[in-house]
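1. sequence and computational prediction follow.
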Amino acid sequence: MLNADNKILVTGAYGFIGSALVDRLMNKEGARNLSLAVRLKRKDERLNTFSLGAFDSQTDWSEAIKDCKVVVHTAGRAHFKKQSVADDYDALLEEDYASSIQLANSAAQAGVSRFIYMSSVLVNGSESHKPFTESDIASPDSPAGRVKLRIERALLDIGRQSGMDVVIIRAALVYGKDVPGNFGNLVRLVGKGIPLPLGAINNKRSLIGIDNLVDLIVTCIDHPAAGNQIFLAGDGEDLSTSELLKGLAKAMGKRSYLLPISGQLIWLAASLLGKKVLAEKLLSSQQVDITKARNMLGWRPPLSVEQGLGKCF
């Protein structure tokens, strides 16, 4: 049961994950002492909101973090709009690294008990031949995955040196109402009723609904066994791309128009059109094993995939 009196700082509190976490903490958990750290100058009159501008290696966290027992760091560059501009994207990822280390050092100096970092399955890799586990050797093959692994390792070092608990959650693809990124693009395509050549894809991909992810974060805030652990996060039900598109259409109350084109033909066409990266995401498998969170924390995803997709609309 969450200790409602513990002061909690949530970074990225107006982002997709951060805002859902704040809503849960306030409305269901009864947290009475929340602070929000955001980049933009916005204010929630109910809470202590700190608009800090850019998060970087010089950010002064002292006021935002004062008297906090827990920090949940959800801020990050998950959906930067200019990823095609490599230099800009790399610079922003480096800024994420620098700001995360600055925050963690500030938290340790301020006497924070637990630091929860929202990471990504990209630390394990973009493709799996069997479900990833926490004991696998991390093999990131993307800029975001490599930076997140560097952040994880630095945070764990800070935790070991200071005695601050560090909890890392590597989430599979997160979905929910108005989610940005690739999932949002799929929603728009299905909603338009455009026939898609993805009816014969037999891959397996793990997802996690925003409600399930927030539930795991809340569990990790207080659970004594969560300290200094890494957890993979998923719904516990893996879908093929074809099954996901059908599930989205069903949740929307629409028909799915999926043409049974072989993956090899799709890959060939994507290669000719310069869309290899997109094809990899649609055709490859990426699974996570959530056994550790189930066994160590007694955590179970509260919503099924079908329920989670239904809440998107």
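-> All right, it came through fine.

2. tell me which helix or strand comes right after the helix or strand residue 25 falls within.
-> Assessed by DSSP states H and E, residue 25 sits inside helix 16-27. Of the helices and strands lying after helix 16-27 in sequence (DSSP H and E), the nearest is strand 34-38.

3. remind me which residues of this structure are low pLDDT?
-> The model of the chain has pLDDT under 70 over residues 1, 4, 41-46, 78-87.

4. re earlier: in the helix holding residue 25, which residues are buried?
-> The neighbour-count check on helix 16-27 (16 or more other Cβ atoms under 10 Å) flags 16-22, 24-25 as buried. In this view, the C-beta of every residue, glycine as well, is placed from N, C-alpha and C.

5. what's it packed up against?
-> Counting contacts by 3 or more Cβ pairs under 8 Å, 6 or more residues apart in numbering; DSSP states H and E, helix 16-27 packs against strand 8-11, strand 34-38, helix 210-222.

6. tally of neighbours for residue 255?
-> Residue 255 has 11 neighbours, counted by other Cβ atoms under 10 Å.

7. nearest spatial neighbour of it, skipping sequence neighbours?
-> Closest residue in space to residue 255, ignoring its immediate chain neighbours: residue 249 at 6.3 Å, by Cβ to Cβ, 6 or more residues apart in numbering.

8. tell me the buried residues in the host helix or strand of residue 251?
-> Using DSSP H and E, residue 251 sits in helix 241-252. Residues 241-249, 251-252 are the ones in helix 241-252 that count as buried (16+ other Cβ under 10 Å).

9. any chance of the residues you listed in CSV, plus distance to residue 310?
-> Formatted as CSV, the buried residues of helix 241-252 follow (distance: Cβ to Cβ, whole Å):
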residue, distance to residue 310
241, 19
242, 19
243, 15
244, 14
245, 15
246, 14
247, 9
248, 10
249, 12
251, 5
252, 10
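
10. which parts of the chain are helices?
-> Per DSSP state H, the chain carries helices over the ranges 16-27, 62-65, 86-109, 143-162, 181-191, 210-222, 241-252, 263-272, 276-283, 291-297, 305-310.

11. please indicate which of these has the most neighbours on average?
-> Compared across the helices of the chain, helix 210-222 shows the largest average neighbour count, a mean of 22 (mean count of other Cβ atoms under 10 Å).

12. which residues does it contact?
-> Helix 210-222 is contacted by residues 1-3, 6, 8, 16-17, 20-21, 24-25, 29, 70, 72, 114, 116, 118, 167, 169, 171, 174-177, 179, 226, 231, 233, 235, 293, 297, 299, 301-303, 308, 311 when judged by Cβ atoms under 8 Å, 6 or more residues apart in numbering.

13. do stretch 92-111 as well
-> 11, 54-59, 61-62, 65-66, 68, 71, 73, 75-77, 80, 115, 117, 143-144, 147, 150-151, 154-155, 158-159, 161-162, 164, 166.

14. got the CA coordinates for that stretch in CSV?
-> C-alpha atoms of stretch 92-111 as CSV (Å, rounded to 0.1, in the frame of the first residue of the first chain):
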residue,chain,number,x,y,z
LEU,A,92,19.2,15.7,-27.3
LEU,A,93,19.9,12.1,-26.2
GLU,A,94,23.2,13.3,-24.7
GLU,A,95,21.2,16.0,-22.9
ASP,A,96,18.9,13.3,-21.5
TYR,A,97,22.0,11.5,-20.2
ALA,A,98,23.5,14.6,-18.6
SER,A,99,20.2,15.7,-17.0
SER,A,100,19.5,12.2,-15.6
ILE,A,101,22.9,12.0,-13.9
GLN,A,102,22.5,15.6,-12.6
LEU,A,103,19.1,14.6,-11.2
ALA,A,104,20.3,11.4,-9.6
ASN,A,105,23.3,13.1,-8.0
SER,A,106,21.0,15.8,-6.6
ALA,A,107,18.6,13.2,-5.3
ALA,A,108,21.4,11.2,-3.6
GLN,A,109,22.7,14.4,-1.9
ALA,A,110,19.2,15.4,-0.8
GLY,A,111,18.7,12.0,0.9
